[in-house]
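A.B. asks: What follows is a predicted protein model with its sequence.
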Amino acid sequence: MNSRHAFFVLLLLPTPFLRAQSSENRFEYGFEQRILSENWNNLFDYGDSADDQRNQVRYRTRGWGKVGLTENIDVYVGLMQETYQVMVPRSPYRFDEVAFEHAYIDIKKLFVKGLSLRVGRQNIMKGEGFLLTEGNPYDGSRSSYFNAANLAYSWRKSKIELMAISDPRTDRYLPRYHDRSRQLVEWDEQALGTYYTDNNLKNTSIEAYYFYKKDTHDRRAPTNYQFQPDRHVSTAGGRVVRQFRRDWEATGEMALQWGHQRPSTSVTGWGGYGYLKKYWRTAWKPSASAGYWGMSGDDPATKDKVEGWDPLFGRGGRISGLYLYSLMRERGVGYWSNLGAWQSEFTFRPVRPLTGRLAYFRMNAFHTFPQGGSQIFGNGTGRGNLYQAQLNVAVNKHWRASALYERMSPGTFYAQRCPSYFLRFDTFFTFTGGLGSWH
């Protein structure tokens, strides 16, 4: 353990034996066990020429604790471990690393009323996760943390946050047990940003943001078509949610990007989505929505400019768990770019513990892939038709489960046209408790 690791541990690792000069001391703890089964085929190349079927079970264990040092200061630490058992193709079972999922100090009142600060390893999600949801996309669903500082000021129904983020390619800030040197992202990422939220208008929520982000030290060979030179990009945009009479709701988000990539390539891009949603107050609590998602693509004809949308930290599976992996052969896992998708969705609740969801996406690209005509990509812009069906059940506060099935019928964007599927079952057991206050 080097001095940097030691500093983080001393700063952020509490135990129930910590004491402070306040009767507000308390200790809260929790445990979660997830068993996730995944089965997929053809989602990388949409062809049967290569055998890419995969059946696996993922066992993720989490444990966390929070100590209230004073009335206004909490310290939160969480550990995680996830091991894969791969049946197809057969792979040996190996215990994976134990790592810090969370480790932060939460100062709820800093100097003046309404000012707060959270520093350390933490989750951050804004809106629907279009820009901020995933700090380590190559970690899968094991975790989604950010190494960040978030200074926030709240007044009335408004809030402004100043964020600083540092997510390296591999974890170098905190120690790991049984270290596997796992890659978390393709390059080192740093960002500064501000995020404003306003709920002062009746039935309307407004969000606005600006982020400046740097990507550096891509370790792939420059001859690799996925290699990205060092770049910096600015992103500015906003999100609006408006509720109307008769249970209608409209949601929209739009952002623009500009910047540069070494040595002298300009970067521009745009991304956004919008949809209408209708609720019905009947026994099954149904809802229906329809809308469009769009992220600009890079035009292969322009060599001195990159026009593709950079998803920043929005590389999660909001649109699809299947297509999240399909994008791996383009720019990287969850790198949503060069995509236009019409979406329709229907949700329902037949009985109280059970909810369901049916969705359809008509997906296209704005430009053909630069390597068009290769083994994977074709010469067209039709990505294909994506179908989803999902069931969720919450038995009680300890047990919940879900099942998801996705099927993709590929279009002319791909050289081969074999459908792919993605089937996932997961079960969660969660337990939380506390020791109350002590003196």
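C.D. replies: Thanks, I have the structure now.
A.B. asks: C-alpha only now, for contacts and for neighbours.
C.D. replies: Noted.
A.B. asks: Which parts of stretch 393-411 count as buried, going by neighbours?
C.D. replies: By neighbour count on 16 or more other Cα atoms under 10 Å, the buried set for stretch 393-411 is 393, 400-411.
A.B. asks: Dump the residues you listed to CSV, plus secondary structure.
C.D. replies: As requested, those are exported to CSV (DSSP: H, G, I helix; E, B strand; the rest coil):
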residue, secondary structure
Val393, strand
Arg400, strand
Ala401, strand
Ser402, strand
Ala403, strand
Leu404, strand
Tyr405, strand
Glu406, strand
Arg407, strand
Met408, strand
Ser409, strand
Pro410, strand
Gly411, coil
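A.B. asks: Widest-spaced pair of those residues?
C.D. replies: Farthest-apart pair in the buried residues of stretch 393-411 is Arg400 and Gly411; separation 36.1 Å (Cα to Cα).
A.B. asks: Quick one: residues contacting the residue nearest to Tyr177 when sequence neighbours are not counted.
C.D. replies: In this structure, Tyr177 finds its nearest non-sequential neighbour in Val98, 5.1 Å apart by Cα to Cα, 6 or more residues apart in numbering. By Cα atoms under 8 Å, 6 or more residues apart in numbering, the contact set of Val98 is 79-82, 176-179.
A.B. asks: give me the low-pLDDT residue ranges for the protein?
C.D. replies: 1-25, 372-374, 437-439 (pLDDT under 70).
A.B. asks: repeat that with 50
C.D. replies: Of all residues in the chain, those with pLDDT under 50 make up the ranges 1, 3-23, 438-439.
A.B. asks: longest strand of this structure?
C.D. replies: strand 420-437 (DSSP state E).
A.B. asks: residues in contact with it?
C.D. replies: Residues lying outside strand 420-437 but in contact with it, judged by Cα under 8 Å, 6+ apart, are 23-43, 46, 321-322, 397-409.
A.B. asks: Take the residues you listed and keep only those in strands.
C.D. replies: Per DSSP E, the contacts of strand 420-437 map to strands at 26-41, 399-409.
A.B. asks: partner residues bridging the residue nearest to Tyr177?
C.D. replies: Note on Val98: beta-bridge partners by DSSP bridges are Gln81, Tyr177.
A.B. asks: Repeat that for Lys305.
C.D. replies: Counting by DSSP bridges, Lys305 is bridged to Ser266.
A.B. asks: Which residues are in contact with it?
C.D. replies: 265-268.
A.B. asks: again, only this time at 6 Å
C.D. replies: Listed by Cα atoms under 6 Å, 6 or more residues apart in numbering, the contact set of Lys305 reads 265-267.
A.B. asks: What ranges does the stretch 101-250 of the chain have for its strands?
C.D. replies: For the stretch 101-250 of the chain, the strands defined by DSSP state E, counting those that start in this stretch cover 115-122, 146-155, 158-167, 188-198, 204-216, 231-244, 248-261.
A.B. asks: Report the angle between the second one and strand 188-198.
C.D. replies: In other words, strand 146-155. Orientation of strand 146-155 against strand 188-198 (axes from the mean of the first three to the mean of the last three Cα atoms, to 10 degrees) gives an angle of 20 degrees.
A.B. asks: now do the shortest one
C.D. replies: Between the axes of strand 115-122 and strand 188-198, defined by the same axes, to 10 degrees, the angle is 140 degrees.
A.B. asks: which other residues reach strand 115-122?
C.D. replies: 102-110, 145-153.
A.B. asks: 7 Å instead?
C.D. replies: Here strand 115-122 makes contact (Cα atoms under 7 Å, 6 or more residues apart in numbering) with 102-110, 145-154.
A.B. asks: same question, the fourth one
C.D. replies: For strand 188-198, the surrounding residues in contact (Cα under 7 Å, 6+ apart) are 157-169, 205-217.
A.B. asks: Report the buried members of those.
C.D. replies: Neighbour counting with 16+ other Cα under 10 Å marks 159-169, 205-216 as buried within the contacts of strand 188-198.
A.B. asks: Spell out the residue ranges of the helices in the stretch 301-439 of the chain.
C.D. replies: For the stretch 301-439 of the chain, the helices defined by DSSP state H, counting those that start in this stretch occupy 321-326.
A.B. asks: In contact with the nearest residue to Thr197 once chain neighbours are set aside, which residues are there?
C.D. replies: Once flanking residues are discounted, Thr197 sits nearest to Glu207: 4.5 Å by Cα to Cα, 6+ apart. Neighbour list for Glu207: 196-198, 238-240 [criterion: Cα under 7 Å, 6+ apart].
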